[in-house]
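Engineer: Structural data only, the sequence is not supplied:
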């Protein structure tokens, strides 16, 4: 048995890193374990958007809260995190979608999220490479992007500064009551945080999380071609309907001058191969909105796996089936955005502080009735 810790975080992706940072900042002794290395897995495969989303009131609350925390943290982040406050444009193709933009603005305003509606002319000025004839867009200036692996490492470094320890290349074989087992080593603690993403069910059977594959394409450097994160209004339907395959227009500028092109979603288990058909559909959708992308050189395509729950909300809180076990997993495509909010929410719950937002919609207890059915 090794030294006792207040908390052991399993998983050094950006969610686990954020949990470690928040817990260590609360004065707890924290050990972080990762089977690979910090910022790998889903974190390394993601786009890196910090975006307010409103598919449900709970999602809006968590993403808006996390957005505020990221904004406060931004001045302290290392340059290699590539935090860019580029904002998001939700693009409306026609008058019907423009009505949806107005509804979206109202919902955001009720949560204190500042937005503005752009006319077709204003949209063309903001993003000259979008196709003519679009109806307008909702601009969310406070949204940003980061480079996720370095974001995770920056949060871990903050945790280390607070006294946390990080051990990479250590695979956790099992989680017990207030302990983890890694190989022949038993590590005791007051609480365990399962932040293993799509792999969380392997350590906590009964968690209803499944992997949902996505593709991304990155281009060569074209500084200024795309100035904001661009998302079609149909993205929410694509992201939050559990169909076998879906694609949506999502292009993101990077600090390097490159562009990330997404997005796709597939329920294919752990098949990480490139699906050329869905990549073609994804690129065709991007070209429909930005025809000039046809002249850009794509230099790499890859896949990753989003940890998806049935109700599209993460599991954040205690797992009552095992004493001392807490869950921070199931964030689907919003793990980068909601990581710091998740970490703070979990730290508040563990230390008995009153959270800034209602934790009930994220409580793992909501799925315990279905344990053994998944």
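Structural biologist: That came in fine, so what should we check first? These numbers come from a predicted model, not from an experiment.
Engineer: ok, so what distance separates the nearest residue to residue 140 once chain neighbours are set aside from residue 267?
Structural biologist: In space, and not counting its chain neighbours, residue 140 is closest to residue 88: 4.6 Å by CB to CB, 6 or more residues apart in numbering. (C-beta placed from N, C-alpha, C; glycine too.) Remark: distance between residue 88 and residue 267 (CB to CB, to the nearest Å) = 26 Å.
Engineer: Between these two, which has more neighbouring residues?
Structural biologist: For the pair residue 88 and residue 267, the greater number of neighbours falls to residue 88 (26 against 14), based on other CB atoms under 10 Å.
Engineer: OK, contacts around the residue lying closest to residue 35 once chain neighbours are set aside?
Structural biologist: Closest residue to residue 35 apart from its sequence neighbours, by CB to CB, 6+ apart: residue 171 at 4.0 Å. Residues in contact with residue 171 (CB atoms under 8 Å, 6 or more residues apart in numbering) are 35, 182, 183.
Engineer: what's the neighbour count on the first one?
Structural biologist: Pointing back at residue 35 there. Residue 35: 18 neighbours (other CB under 10 Å).
Engineer: Hmm, residue 172 and it touching each other?
Structural biologist: Yes - with contact defined as CB atoms under 8 Å, residue 35 and residue 172 form a contacting pair (7.1 Å).
Engineer: isn't residue 269 right next to residue 211, touching?
Structural biologist: Yes - in this structure, residue 269 is within contact of residue 211 by CB under 8 Å, at 6.8 Å.
Engineer: These two: who's more crowded?
Structural biologist: Taking neighbours as other CB under 10 Å, residue 269 and residue 211 compare with residue 211 leading, 22 against 10.
Engineer: that's a strand at the more buried one, yeah?
Structural biologist: Yes - assessed with DSSP: H, G, I helix; E, B strand; the rest coil, residue 211 lies in a strand.
Engineer: Identify the residue nearest it in space, chain neighbours excluded?
Structural biologist: Sequence neighbours aside, residue 305 is the residue nearest to residue 211 in space, at 3.8 Å (criterion: CB to CB, 6+ apart).
Engineer: Just the element for that neighbour, please.
Structural biologist: Secondary structure from DSSP states H and E places residue 305 in strand 298-308.
Engineer: buried stuff in stretch 213-231?
Structural biologist: By neighbour count on 16 or more other CB atoms under 10 Å, the buried set for stretch 213-231 is 213-219, 222, 225-226, 228-231.
Engineer: Return the closest of the residues you listed with respect to residue 56.
Structural biologist: Using CB to CB, residue 231 is the member of the buried residues of stretch 213-231 that sits closest to residue 56, with 17.3 Å.
Engineer: For the stretch 1-150 of the chain, give me the ranges with low pLDDT.
Structural biologist: 1-2 (pLDDT under 70).
Engineer: And the strands in it?
Structural biologist: Secondary structure of the stretch 1-150 of the chain (DSSP state E, counting those that start in this stretch): strands at 5-10, 30-34, 49-50, 88-92, 116-118, 136-140, 144-145.
Engineer: in the fifth one, what counts as buried?
Structural biologist: Within strand 116-118, the residues scored as buried using 16+ other CB under 10 Å are 117, 118.
Engineer: how much space between the residue sitting nearest the centre point of the chain and residue 359?
Structural biologist: Residue closest to the mean C-alpha point of the chain, counted by CA atoms, centre = their mean, is residue 335 at 2.0 Å. Separation of residue 335 from residue 359 (CB to CB) stands at 17 Å.
Engineer: next one: residue 7
Structural biologist: Taking CB to CB, one finds residue 7 at 17 Å from residue 359.
Engineer: my guess is residue 362 contacts residue 345, does it?
Structural biologist: Yes - counting by CB under 8 Å, residue 362 does reach residue 345; the two are 7.3 Å apart.
Engineer: what sits in contact with each of these two?
Structural biologist: By CB under 8 Å, 6+ apart, the residues touching both residue 362 and residue 345 are 62, 316.
Engineer: Helices of the stretch 101-250 of the chain, residue ranges please.
Structural biologist: Assigned by DSSP state H, counting those that start in this stretch, the stretch 101-250 of the chain shows helices spanning 120-126, 148-161, 200-203, 235-240.
Engineer: Which one of these lies nearest to residue 296?
Structural biologist: Distance to residue 296, taken as CB to CB, is lowest for helix 120-126 among these, at 19.3 Å.
Engineer: for that closest one, packing partners?
Structural biologist: Packed against helix 120-126 by the contact rule (3 or more CB pairs under 8 Å, 6 or more residues apart in numbering; DSSP states H and E) you find strand 88-92, strand 136-140.
Engineer: Could you export those as JSON lines, including distance to residue 204?
Structural biologist: As requested, the helices and strands packed on helix 120-126 are arranged in JSON lines below (distance: least, CB to CB, whole Å):
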{"stretch": "strand 88-92", "distance to residue 204": "34"}
{"stretch": "strand 136-140", "distance to residue 204": "35"}
